[in-house]
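Trainee: Predicted coordinates and the sequence they were generated for:
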Amino acid sequence: MTNIDEKHSTLETIISQRKEKIKAIKELGVNPYPYSYNVTHKNKLITENYDEFEGKEVAIAGRLMAIRKMGKASFGNVTDSTGKIQLYISKKDIGEEKYQLFKMFDIGDFIGCKGSVMKTRTGETTIKVFELELLSKNIRPIPIVKEKDGVLHDSFSDKEQRYRKRYLDLILNPEVKETFVKRTKIMSETRKFFDEKGYLEVETPILQPIYGGANARPFETFHNTLGMNLFLRIANELYLKRLIIGGFDKVYEICKNFRNEGMDKSHNPEFTVIEFYEAYVDFNYMMNLVEKYFKTIAKSLDLSVIEYDGNKIDFEKPFERKSMFDLFEKYLKVDISEFGKEELISLCEERKFDYDPKWNYGQIIDKLFGEYVEDNLIQPTFVTDYPKAISPLAKMRRDGNEKIVERFELFIGKQEYANAFSELNDPIDQRERLELQAKLRDEGDKEAQVVDEDFLQAVEYGMPPTSGVGIGLDRVIMLMTGQTSIKDVLFFPQMKKEN
RNA sequence: GUGCCCGUAGCUCAGUUGGUUAGAGCUUCCGCCUUUUAAGCGGAAGGUCGAAGGUUCGAAUCCUUCCGGGCACACCA
């Protein structure tokens, strides 16, 4: 007696029924997990060029996604990496024995078949099968999604399941695949853009003894042989600068950074950025390059105006360039360019803005900017004139202003996409700034930077005038694919453990 | 981290002023069916209602805690 005879359909019994089918298939002398199949054509090629293929013989392979049995003949849908195609399988064409095998197929099996291309009377391109092979037997039922007149029935839509079992999401929701294909396209266009400009792609350590280059809390780990703590990088900036010091004058790295912080629609603990550094140029030069980069990527996807999160973002017009203080004046109706900390505090009180008395001048400016300005930055806008206090790696403004550095951030649709400096290469100033950060750490600012003595020494050996940029690539991908959650552009977003 | 919402069959969902034995479609299994396509027709099976406590004669439904998820806010990129 086999489980097939039992009339249960819990998940467990379905699985054991399918295991019994494997036994029965083996008894027919068929290997349910063969080694290869000679595929001659992809489904999309056939369906899109029917006239050329009519009557011709093809061999295709893919996952069986639907079966419609009608006694001595049946229809099935097979999906390969390019799309689906219909099969017509009749006992007359494939023989009694193969038809018995076919009857043991389930949705989710991989199959290969050879047949001739035809159209059914309803006009659907179909392969009339005369050779049928099982390529891999499924034992765990995949959700069945049906579609009529463009309406999906029983679609696989539970977000938690889609993220946890991304492979099912990819099988069942074809548009998901498109997003990730675009992701790869954006990544390769990004490399192409910098390669063509003479940048050298490099790799720097993910495991770092001292983390730096950004203000964030790190993940910590331990190396057994060295007997020391290591950190997963929060940024690669300080290593890329060492390479500039070492004599490369254009470098970039596409890498994952890791930050032990909050998670939401635009933050995953590991995320992808590109950082690039070029010697002998300043942040104005980089502004032009970044603008060109975004326009190039948009163009490569045939995008000119992007509809994103309810906004229309124009990538053909020149990006706006605004001083932070002009923006404050526009949205706060006050010129705060000459304000000191005390005046900013009075402003906060006047506007009933909840500030922390521990904040320094730069932090107050930063928070005010987030509160009153950021939400207005829909079209691509370079914001300049950041306070020194929140930019410990940026060079002072060349006009002698002692509070402001040469830095820009690019905002699009209220979100930050790029951050860049004319890099600080004065070793004395750099040491003072990192020591100030260390002091802030001692006072309890967990995100303040750490003094990296090796980096400081490297700068002491001499760093050319340089500008560098970091761009959050996951966000670029979100923007260019219309996704508003970072989880939808990461194959495997971080999730909590299930029980 | 805080607030709001959600968790019922393999999938999608009904059922929540507390009241027999928790329903439907798809899926699965059996039978019929040679151009179907959410194939069809007939039959069957499938659930400790996210978990644990509590209130009650009686809980999917009310309460508490916990787990997981979504959204918003806060922080960051």
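Mentor: Structure received.
Trainee: only C-alpha atoms for contact and neighbour calcs from this point on.
Mentor: Will do.
Trainee: Tell me, how many residues neighbour residue A:72?
Mentor: 11 (other Cα atoms under 10 Å).
Trainee: Same check on residue A:142?
Mentor: 16.
Trainee: now do residue A:474
Mentor: Residue A:474: 25 neighbours (other Cα under 10 Å).
Trainee: go on, residue A:377?
Mentor: Neighbours of residue A:377 under the rule other Cα under 10 Å: 19.
Trainee: which residue packs closest to it, ignoring adjacent ones?
Mentor: residue A:414 (5.1 Å; Cα to Cα, 6 or more residues apart in numbering).
Trainee: do the same with residue A:326
Mentor: Counting by Cα to Cα, 6+ apart, the residue nearest residue A:326 is residue A:335, at 7.6 Å.
Trainee: The one you found touches residue A:327, doesn't it?
Mentor: No - with contacts counted by Cα atoms under 8 Å, residue A:335 stays clear of residue A:327, the gap being 9.3 Å.
Trainee: Direction included, what does the helix or strand hosting residue A:229 pair against?
Mentor: Using DSSP states H and E, residue A:229 sits within strand A:228-232. Strand A:228-232 pairs in its sheet with strand A:207-208 (antiparallel), strand A:220-223 (antiparallel), by DSSP bridges.
Trainee: Is it positioned near RNA strand B?
Mentor: No - Strand A:228-232 does not reach RNA strand B (Cα under 7 Å from any atom of the strand); its nearest approach is 12.4 Å.
Trainee: Excluding its own residues, what touches that strand? List them.
Mentor: A:206-211, A:218-223, A:257-258 (Cα atoms under 8 Å, 6 or more residues apart in numbering).
Trainee: Centre of the chain to that strand, how far?
Mentor: 26 Å (Cα atoms, centre = their mean, to the nearest Å).
Trainee: Output the strands paired with strand A:228-232 as JSON lines; include the columns distance to residue A:80.
Mentor: Putting the strands paired with strand A:228-232 into JSON lines (distance: least, Cα to Cα, whole Å) gives the following:
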{"stretch": "strand A:207-208", "distance to residue A:80": "39"}
{"stretch": "strand A:220-223", "distance to residue A:80": "42"}
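Trainee: Now the residue in the stretch 101-250 of chain A that RNA strand B sits nearest to. Nearest residue, chain neighbours left out?
Mentor: Nearest residue of the stretch 101-250 of chain A to RNA strand B (Cα to the nearest atom of the strand) works out as residue A:120 at 2.9 Å. Sequence neighbours aside, residue A:126 is the residue nearest to residue A:120 in space, at 6.7 Å (criterion: Cα to Cα, 6+ apart).
Trainee: Surely the one you found and residue A:84 touch.
Mentor: No - shown here, residue A:126 and residue A:84 do not form a contact pair, counting by Cα under 8 Å, at 10.2 Å.
Trainee: Looking at these two, which is more packed in?
Mentor: Using other Cα under 10 Å as the criterion, residue A:126 and residue A:84 rank with residue A:126 on top: 23 against 18.
Trainee: any idea what that one is structurally, helix, strand or coil?
Mentor: Here residue A:126 takes the strand state, with states given by DSSP: H, G, I helix; E, B strand; the rest coil.
Trainee: residue contacts, it?
Mentor: With Cα under 8 Å, 6+ apart, residue A:126 has these contacts: A:85, A:86, A:87, A:88, A:117, A:118, A:119, A:120.
Trainee: what's the helix or strand for the second one?
Mentor: Read that as residue A:86. Here residue A:86 is assigned to strand A:83-90, by DSSP H and E.
Trainee: Which parts of that strand count as buried, going by neighbours?
Mentor: By 16 or more other Cα atoms under 10 Å, the buried positions in strand A:83-90 come out as A:84, A:85, A:86, A:87, A:88, A:89, A:90.
Trainee: and it, what does it pack onto?
Mentor: helix A:43-48, strand A:73-80, strand A:125-136 (3 or more Cα pairs under 8 Å, 6 or more residues apart in numbering; DSSP states H and E).
Trainee: looking at those, which is buried most?
Mentor: strand A:125-136 (a mean of 21; mean count of other Cα atoms under 10 Å).
Trainee: Extract the C-alpha trace of that strand and format it as CSV.
Mentor: Provided in CSV are the C-alpha atoms of strand A:125-136 (Å, rounded to 0.1, in the frame of the first residue of the first chain):
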residue,chain,number,x,y,z
THR,A,125,1.2,29.1,-30.2
THR,A,126,1.7,25.6,-29.0
ILE,A,127,4.3,22.8,-29.2
LYS,A,128,2.8,19.6,-30.4
VAL,A,129,5.0,17.2,-28.3
PHE,A,130,6.4,14.0,-29.6
GLU,A,131,9.2,13.5,-27.1
LEU,A,132,8.8,14.2,-23.4
GLU,A,133,11.3,14.0,-20.7
LEU,A,134,11.2,14.6,-17.0
LEU,A,135,14.2,16.8,-16.0
SER,A,136,13.5,17.3,-12.3
